[in-house]
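Novice: here is my input; please provide its structure:
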Amino acid sequence: MVPILLIERDITHNRKPFIHLFWLTYLAFLTWNALTTWWIWIATPAGAIGAIMANTFLMCIPVMLFHSTRKRAGERIGYVSLPVYWIAFEYLHHQWELAWPWLTLGNGFAMFPQFIQWYELSGALGGSLWIWIVNLMILRLILVPPFMEGRIRMQLVLRKVVATIAALVAPIALSLLAFFTYAEKGRSIEVVVVQPNFNPYHEKFPDGDRFIPYQQQVERLINLSERLITENTALLVWPETALPGGMDMDSLEEHWQVMMMRHLLDTHPQLTIVSGIDGYKVLDKEDRTATARRTGNPNLWVDFYNTAIMLDSSTSIQHYHKSKLVPGVERMPYPQLFRLLDRFAIDMGGITGSLGMQDERTVFFDSDSRGFAPIICFESVFGAYVGAYVRNGAHAILVITNDGWWGNTAGHKQHLYFSSLRAIEMRRPVARSANTGISCFVDRRGVIHQSTEYGEPDAIRGEMLLNDRVTFYAHHGDVIGSAFLWLAAALIIYTFYLRVRKKKSTLA
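Specialist: Prediction:
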């Protein structure tokens with residue numbers, strides 16, 4: 001970020017128009033967005049252009065606010081305001097219905113879990129704050145006045161170098177200590193994770209040119225599972241929408257997909273199965289929701305869901321409806337206001353348009369009272385959101401996803417590493433089942449184990465150590481973000497006050 005800060009200083013010093021800073025900042029962030037999330041293009045070229053340009057614009061806002069505050073309130077308050085504005089922006093970007101927190105700065109350390117064990121206290125926003133602190137300290141080092149007396153300048157530079165290195169190294173050192181001393185304890189459970197590998201464009205859905213009949217899809221899931229299930233296997237995990245074809249939530253037991261799962265449970269009665277499905281629910285006109293759609297009967301409406309279900313040898317079926325939905329694909333923002341925009345939803349196969357959601361984070365409990373958080377695809381990007389499952393009793397995290405929409409690009413790999421962040425923040429083991437890779441296990445330190453290859457049908461078996469301790473972050477969520485949001489509001493008001501006062505003094 002230092003080059004952007006140097007550009008801002010130059011524009012302020014030379015009193016160049018505000019728009020110069022905006023366009024240069026926009027170009028910088030556009031480059032970053034395009035280089036890191038270009039793979040959206042594979043699923044939707046128009047959506048990629050829109051998402052990248054819109055997210056770039058939003059990233060410019062905190063820099064523009066910082067520029068305004070620094071110009072009116074001075075350097076000390078100005079530079080303090082920058083991380084405040086930025087983290088407030090990232091926090092808000094997690095909350096609204098156009099949420100796209102993929103490029104939250106703190107996510108950048110996901111591949112290095114040994115450096116960020118302290119995320120169990122702060123979450124990824126703590127990493128964002130760390131990045132800004134180090135960048136600002138590097139800037140202070142660069143800006144040491146060159147005209148100072150040699151010995152005094154050397155001492156000042158040395159102090160700033162030491163302080164910058166300390167700010168960079170201290171969190172890493174503490175994290176390494178925690179990483180190598182952390183002892184995983186808890187109840188052990190044997191888990192089998194399946195990766196069926198159906199190409200979502202060509203094989204999984206009826207409009208594909210190599211469509212695989214639904215029954216054959218379920219048979220592949222069962223065959224891959226049977227290879228690894230032992231008498232000790234307690235949990236079997238299938239990916240998002242693994243059970244194909246729409247299933248009525250009011251009569252799940254009557255569907256042939258569930259009957260095939262029941263047959264598998266007859267062979268392995270100790271087993272609990274978690275799987276994704278395409279669900280729907282028929283509603284009376286009076287009970288329709290904002291996302292419900294008309295049917296041929298004017299008195300009946302239908303809500304569609306991206307759902308996870310859990311089956312065991314009992315007669316009950318637990319379910320959870322995905323509630324952090326992909327903007328523009330699974331949900332049009334604010335459907336109460338923009339219902340007509342549903343027709344423009346991007347067709348990603350299966351059900352399109354705004355899907356139904358639920359308010360509570362449902363935890364699946366098996367017959368031994370072990371709690372599992374059913375995280376569906378995009379939901380794994382949201383740390384505080386996952387924390388709600390832990391507060392509701394989850395001892396482990398199950399991420400079920402279909403990352404095949406992006407092809408064998410950086411997209412599915414980036415999504416994989418979010419599971420490492422969630423494992424550290426929650427101190428929960430993760431079992432990740434992806435339709436076409438990467439499936440794996442993640443321990444409570446964020447280390448990935450038994451990664452499958454992309455584009456190959458596979459199954460893996462591993463042990464997970466369950467945990468019932470609730471971390472500070474799981475309990476309190478993004479307290480840094482909420483606190484900085486209030487600080488940002490105060491700084492905006494203060495900046496506006498200084499602007500008004502200056503105008504009055506000029507007029508006087």
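Novice: immediately after the least confident helix or strand in the chain by mean pLDDT, which helix or strand?
Specialist: None of the helices or strands of the chain scores lower by mean pLDDT, DSSP states H and E than helix 335-338, at a mean of 57. Next in sequence after helix 335-338, counting helices and strands by DSSP states H and E, comes strand 364-365.
Novice: pLDDT averaged over that following strand - what is it?
Specialist: Here strand 364-365 scores 98 as its mean pLDDT.
Novice: next one: that strand to chain centre, how far?
Specialist: 22 Å (Cα atoms, centre = their mean, to the nearest Å).
Novice: sheet-wise, list the partners of that strand with their directions.
Specialist: strand 371-376 (antiparallel) (DSSP bridges).
Novice: identify the residues contacting the strand it pairs with?
Specialist: 235, 240, 274, 276, 306, 308, 310, 320, 322, 361-366, 386, 389-390, 392-401, 422, 428 (Cβ atoms under 8 Å, 6 or more residues apart in numbering). In short, each C-beta sits where N, CA and C put it, glycine included.
Novice: please list only the buried members of the residues you listed.
Specialist: 235, 240, 274, 276, 306, 308, 310, 320, 322, 361-366, 386, 389-390, 393-401, 422, 428 (16 or more other Cβ atoms under 10 Å).
Novice: which non-adjacent residue is nearest G276?
Specialist: Closest residue to G276 apart from its sequence neighbours, by Cβ to Cβ, 6 or more residues apart in numbering: E240 at 3.9 Å.
Novice: is that neighbour in contact with I400, as I believe?
Specialist: Yes: under the criterion of Cβ atoms under 8 Å, E240 makes contact with I400 at 4.7 Å.
Novice: need the residues touching each of those two.
Specialist: G276, A308, I376, C377.
Novice: tally of neighbours for the third one?
Specialist: By that I understand I376. 25 (other Cβ atoms under 10 Å).
Novice: how close does it get to W486?
Specialist: 32 Å (Cβ to Cβ, to the nearest Å).
Novice: also the first one?
Specialist: Computed with Cβ to Cβ, the distance linking G276 and W486 is 38 Å.
Novice: ok, A163 next?
Specialist: Distance from A163 to W486, by Cβ to Cβ: 28 Å.
Novice: which strand or helix spans the residue nearest to G276?
Specialist: With DSSP H and E as criterion, E240 is part of no helix or strand.
Novice: which parts of the stretch 1-150 of the chain are strands?
Specialist: Shown for the stretch 1-150 of the chain, no strands are assigned by DSSP state E, counting those that start in this stretch.
Novice: just the stretch 401-508 of the chain next, same as before
Specialist: 430-434, 440-442, 448-449, 458-465.
Novice: so can I have CSV of the ones you listed showing mean pLDDT?
Specialist: What follows is these, written out as CSV (pLDDT from 0 to 100):
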stretch, mean pLDDT
strand 430-434, 98
strand 440-442, 98
strand 448-449, 98
strand 458-465, 97
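Novice: highest average neighbour count across these?
Specialist: strand 430-434 (a mean of 28; mean count of other Cβ atoms under 10 Å).
Novice: who are the packing partners of that strand?
Specialist: strand 188-195, strand 233-237, strand 396-401, helix 410-426, strand 440-442 (3 or more Cβ pairs under 8 Å, 6 or more residues apart in numbering; DSSP states H and E).
Novice: right, and those - which one's nearest K281?
Specialist: K281 lies closest, by Cβ to Cβ, to one member of these: strand 396-401, at 20.2 Å.
Novice: quick check: mean pLDDT of stretch 137-147?
Specialist: 88.
Novice: what about it, how long is it end to end?
Specialist: 20 Å (Cα to Cα, to the nearest Å).
Novice: buried residues in that stretch?
Specialist: Quick answer for stretch 137-147 (16+ other Cβ under 10 Å): M137, I138, L139, L141.
Novice: what's the closest of these to N467?
Specialist: M137 (35.8 Å).
Novice: what about the closest one, distance to G404?
Specialist: With Cβ to Cβ as the criterion, M137 and G404 are 43 Å apart.
Novice: tally of neighbours for E219?
Specialist: 13.
Novice: which ones are touching the closest residue to P113 other than its chain neighbours?
Specialist: Nearest non-adjacent residue to P113, counting by Cβ to Cβ, 6+ apart: G446, 3.0 Å away. With contact set as Cβ under 8 Å, 6+ apart, G446 has these partners: P113, I116, Q117, S420, L421, A423, I424.
Novice: low-confidence ranges in the stretch 351-500 of the chain?
Specialist: 351-353 (pLDDT under 70).
Novice: surely P3 and L27 touch.
Specialist: No: with contact defined as Cβ under 8 Å, P3 and L27 do not form a contacting pair (11.3 Å).
Novice: my guess is W38 contacts A48. True?
Specialist: Yes: using Cβ under 8 Å, W38 is in contact with A48, at 7.0 Å.
Novice: so what's the most centrally placed residue in the chain up against?
Specialist: What sits nearest the mean C-alpha location of the chain, by Cα atoms, centre = their mean, is V381, with 0.7 Å. By Cβ under 8 Å, 6+ apart, V381 lies in contact with P101, W102, K324, H415, F418.
Novice: would CSV of the residues you listed with neighbour count be doable?
Specialist: Supplementary listing: the contacts of V381 in CSV, determined by neighbours: other Cβ atoms under 10 Å:
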residue, neighbour count
P101, 20
W102, 19
K324, 20
H415, 22
F418, 25
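Novice: looking at those residues, which is nearest G123?
Specialist: Nearest member of these to G123, counting by Cβ to Cβ, is P101, at 11.0 Å.
Novice: the residue nearest to L21 when sequence neighbours are not counted: neighbour count?
Specialist: Spatial nearest neighbour of L21, chain neighbours left out: I11 (4.8 Å); criterion: Cβ to Cβ, 6+ apart. When neighbours are counted by other Cβ under 10 Å, I11 registers 20.
Novice: for I11, give its distance to K160.
Specialist: I11 is 24 Å from K160, by Cβ to Cβ.
Novice: go on, D287?
Specialist: In terms of Cβ to Cβ, D287 sits 64 Å off from K160.
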